[in-house]
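Asker: All I have is the shape, not the residue letters:
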């Protein structure tokens, strides 16, 4: 019975659980993007709406490769003495967390729109980067969203996703208040 416990402990300590979970979530998000027709993803059509799709594809490929490398290391170290076992590289979970934040940002474009997903992403990124003073985080998040809004809407005339439901109506009101329309 203790050998079964040690086997699971090896898998958990190998750093394989996080990448497998991130790969499964990414595959589910990718399936959802392809299965939902209202997202605007059309075969052969590339534009601003397609970069979340590309991000998810790269995320699935990257986390899948990470799973393969970690599984290979786990199998190769199966018979090695405990003193020779490698621990996962420090910072691997930070990279996975950052990748997950970027994937959620891309997925959030559809439902929350550019305005709200960018504000939330910038705030989460700063907190993730261990910059936790609330006033600067709020200012950077809001200004880091409003300035690109002016650039993309007023200068480049780029249509940005506005979100769905209440968030779409709120985005339109904020755009009108900022005189973007």
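Answerer: Cool, the structure landed. Remember, it's a predicted structure, so these values are computed and weren't measured experimentally. Numbers count the residues shown, from 1 in each chain.
Asker: Just give the closest residue to the spatially most central residue of the chain, not the sequence neighbours.
Answerer: Central residue of the chain (CA atoms, centre = their mean): residue 103, 2.1 Å from the mean position. Nearest residue to residue 103, sequence neighbours excluded (CB to CB, 6 or more residues apart in numbering): residue 59, at 5.0 Å. To be clear about C-beta, it is placed using only N, CA and C from the backbone, and glycine gets the same treatment.
Asker: Quickly note the distance from the one you found to residue 128.
Answerer: 16 Å (CB to CB, to the nearest Å).
Asker: Neighbour count for the two, which is higher?
Answerer: Ranked by neighbour count (other CB atoms under 10 Å), residue 59 and residue 128 place residue 59 first, with 22 against 14.
Asker: Stretch 138-151: which residues count as buried?
Answerer: Within stretch 138-151, the residues that qualify as buried are 140, 141, 144, 145, 146, 149, counting by 16 or more other CB atoms under 10 Å.
Asker: What of stretch 125-135?
Answerer: When burial is assessed from 16+ other CB under 10 Å, stretch 125-135 yields the following buried residues: 125, 126.
Asker: And stretch 67-76, by the same measure?
Answerer: 67, 70, 73, 74.
Asker: Residue 181: which of these is nearest?
Answerer: Among the buried residues of stretch 67-76, residue 67 lies closest to residue 181 (CB to CB), at 45.7 Å.
Asker: For that closest one, give its distance to residue 127.
Answerer: Taken as CB to CB, the span from residue 67 to residue 127 is 27 Å.
Asker: repeat for residue 119
Answerer: For residue 119, the distance to residue 127 equals 13 Å [CB to CB].
Asker: Give me the residues contacting stretch 124-132.
Answerer: Applying CB atoms under 8 Å, 6 or more residues apart in numbering, the contact partners of stretch 124-132 are 97, 98, 101, 136, 137, 140, 141.
Asker: Next, count neighbours for the fifth one.
Answerer: The one in question is residue 137. 17.
Asker: Pretty sure it sits against residue 123.
Answerer: Yes - look at residue 137 against residue 123 with CB atoms under 8 Å: they come within range, at 5.6 Å.
Asker: most residues in a single helix of the protein, which one?
Answerer: Secondary structure of the chain per DSSP state H: the longest helix is helix 92-128.
Asker: No more questions from me, cheers.
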